[in-house]
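# just coords:
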């Protein structure tokens, strides 16, 4: 379901048309300002990616942070300094313009939420494309796994620090009524290491610092959460919003990210990045 | 089988004793100069690691090289600059002394092959521990997969470059008489992403630039290779010696590596690092 306040987009592009677009086509409409909304359901089957851009002086520490925290930060592609084309995953794309919306952090504070970042990009910029949970939701649906996504939450699970990068993990939480479906979800997401891999927590979310499941901390679909039943298995996966909370915790001098829910669409099929 | 010219070692330590040692015990005897030989068969079941050390100024490019070439260079652990303890995989170890033998490269040329690297280590040094094929040989034997290892070869397969790091992949080659065993070997090594993952080539090694299988380029067990039979399936896995040929191709200003066959032994069980 596409959640948008932008009525023009809602009117002009049907959900099925968005799902059937090629990544090249979708990036074109984004680049030309014709789409600036949530894009979780576009270009079905293609690997979507979260974005982090840091100056080269922070690139080693951030890449090391990703290596040490592969669940929240599975690295798909890293550009050479100053090169805004992701050569591995979408060579004709432009990182500066092809995401629907961005966030700009200075000393850990959000200073801008622009629709392109041409003014912020320079020859020192290194872009990291990190795997995204959208991909495994497709895999779960393709396998007829029944579940409901309820939201994203900040936990008290400390990421493994690297240099000055530190902070708590954000998770996305899903509920399963059937043990079989829960097991299938673990199996399927274990194949998708580039999309956060298997869950990092099974069970009572209070244990990882989530106080109230009914009030997600992060982007959600703005629909009230139906009551959680005692027989539902609660599983939480690492979430790609984590680097944004890390930027805030670490007071990172400068970072650009995607705006939550507004991802980069690569040319890669999600299955191309799966293991086994 | 331990291949060694050091008769003292041969006499004083039986193969079974070496296999049963804890990583801590083995590193102790190495640190005290009591073992300086090939160590493929020590501390059975523990993840062994190849070593690369570069100055911090090259650390981002080398980590990026590893990310882009995960088969030859699967990253297990990266130390903070100047810290010679691998905090994730063996916190009480000392990278400078705990490998049986090292190689030191300057501008891509081997300038020393010492038994410790205390004189070369400084506060700027960053150590990378990279997964090692020894681990999947154990996994194959544990599953009763029948095969023979014949040697390591330089191929014409270009690694994906990162910064100035570039060069061809080295592979280790194994022969299988049974299709079932070959399939099992692919399945089992696919689980061991930290130990080079699945084969990168199945078939005629001439296709990847290996001219003569009977004459491996790299470290081998110095036994003549028995004739290769037409029904044998030839599979080649990326090899952890690759960074050493990359240092030579790239004329890397400064790099330290393990000496081939003389690996670091981590505290981690090989199975701890497996996926699925």
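Arrived safely. Just so it is clear, the structure is predicted and the values come from calculations on it, not from any experiment. Numbering: from 1, shown residues only, chains lettered A, B, ... in the order given.

# What residues does whichever residue of the stretch 51-200 of chain A sits closest to chain B make contact with?
When scored by Cβ to the nearest Cβ, the stretch 51-200 of chain A has residue A:60 as its residue closest to chain B, at 3.6 Å. For every residue, glycine as well, the C-beta is placed using N, CA and C. Listed by Cβ atoms under 8 Å, 6 or more residues apart in numbering or on different chains, the contact set of residue A:60 reads A:163, B:56, B:59-60, B:63.

# Please apply the same query to residue A:253.
Residues in contact with residue A:253 (Cβ under 8 Å, 6+ apart) are A:55, A:58, A:106-107.

# one more time with 7 Å, if that's ok
residue A:107 (Cβ atoms under 7 Å, 6 or more residues apart in numbering or on different chains).

# Any figure for the gap between it and chain B?
Look at residue A:253 and chain B: by Cβ to the nearest Cβ, to the nearest Å, they are 17 Å apart.

# one step back: now, of the contacts of residue A:60, which are buried?
Neighbour-count burial (16 or more other Cβ atoms under 10 Å in any protein chain shown) applied to the contacts of residue A:60 gives B:59-60, B:63.

# quick one on the thing from earlier: let me know the secondary structure of the residue of the stretch 51-200 of chain A closest to chain B.
helix (DSSP: H, G, I helix; E, B strand; the rest coil).

# In the stretch 151-276 of chain A, mark out all the strands, start to finish.
Secondary structure of the stretch 151-276 of chain A, counting by DSSP state E, counting those that start in this stretch: strands at A:168-176, A:201-202, A:233-238, A:254-258, A:264-269.

# what residues are up against the residue nearest to residue A:123 when sequence neighbours are not counted?
Computed as Cβ to Cβ, 6 or more residues apart in numbering or on different chains, the closest residue to residue A:123 that is not its neighbour in sequence is residue A:82, at 3.8 Å. Contacts for residue A:82 (Cβ under 7 Å, 6+ apart) come out as A:123-125.

# Format those residues as JSON lines; extra columns: pLDDT.
Below are those laid out as JSON lines (pLDDT from 0 to 100):
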{"residue": "A:123", "pLDDT": "97"}
{"residue": "A:124", "pLDDT": "97"}
{"residue": "A:125", "pLDDT": "98"}
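
# Please flag which of these sit within strands.
Counting by DSSP state E, the part of the contacts of residue A:82 found in strands is residue A:125.

# ok so, going back, doesn't the residue nearest to residue A:123 fall inside a helix?
No. If the criterion is three-state DSSP, then residue A:82 is coil and not within a helix.

# roughly how far apart are residue A:161 and residue B:63?
Distance from residue A:161 to residue B:63, counting by Cβ to Cβ, to the nearest Å: 16 Å.

# again, but for residue A:155
27 Å.

# So which residues on the stretch 101-250 of chain A come close to chain B?
By Cβ under 7 Å from any Cβ of the partner chain, the residues of the stretch 101-250 of chain A that approach chain B are residue A:190.

# can you pull out the helices in chain A?
A:7-12, A:15-20, A:23-31, A:56-68, A:134-142, A:179-191, A:242-250 (DSSP state H).

# Just name the most buried of the ones you listed.
Counting by mean count of other Cβ atoms under 10 Å in any protein chain shown, helix A:242-250 has the highest mean neighbour count of these, with a mean of 24.

# Can you give me the domain assignment for chain A?
Domains of chain A are assigned by automatic domain parsing as A:9-131+A:247-273, A:136-243.

# Pipe the ones you listed into TSV and attach distance to residue B:197 per row.
TSV is the format used below for the domains of chain A (distance: least, Cβ to Cβ, whole Å):
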stretch	distance to residue B:197
domain A:9-131+A:247-273	14
domain A:136-243	11
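
# for these, which one ends up most surrounded?
domain A:9-131+A:247-273 (a mean of 20).

# show me what contacts residue A:46?
Counting by Cβ under 7 Å, 6+ apart, the residues that residue A:46 touches are A:23, A:265-266, A:268-270.

# can you redo the strands of the stretch 151-276 of chain A as JSON lines with distance to residue A:213 and mean pLDDT?
Shown next, in JSON lines, are the strands of the stretch 151-276 of chain A (distance: least, Cβ to Cβ, whole Å; pLDDT from 0 to 100):
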{"stretch": "strand A:168-176", "distance to residue A:213": "7", "mean pLDDT": "96"}
{"stretch": "strand A:201-202", "distance to residue A:213": "12", "mean pLDDT": "96"}
{"stretch": "strand A:233-238", "distance to residue A:213": "8", "mean pLDDT": "96"}
{"stretch": "strand A:254-258", "distance to residue A:213": "25", "mean pLDDT": "98"}
{"stretch": "strand A:264-269", "distance to residue A:213": "29", "mean pLDDT": "97"}
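
# for those strands, which one sits closest to residue A:247?
strand A:254-258 (4.5 Å; Cβ to Cβ).

# neighbouring contacts of that closest one?
With Cβ under 7 Å, 6+ apart, strand A:254-258 has contacts from A:50-55, A:99, A:102-106, A:117, A:120, A:243-244, A:247, A:264.

# 6 Å instead, please
A:50-55, A:99, A:102-106, A:117, A:120, A:244, A:247 (Cβ atoms under 6 Å, 6 or more residues apart in numbering or on different chains).

# What of stretch A:85-93?
Stretch A:85-93 is contacted by residues A:27, A:76-77, A:79, A:129, A:266-268 when judged by Cβ under 6 Å, 6+ apart.
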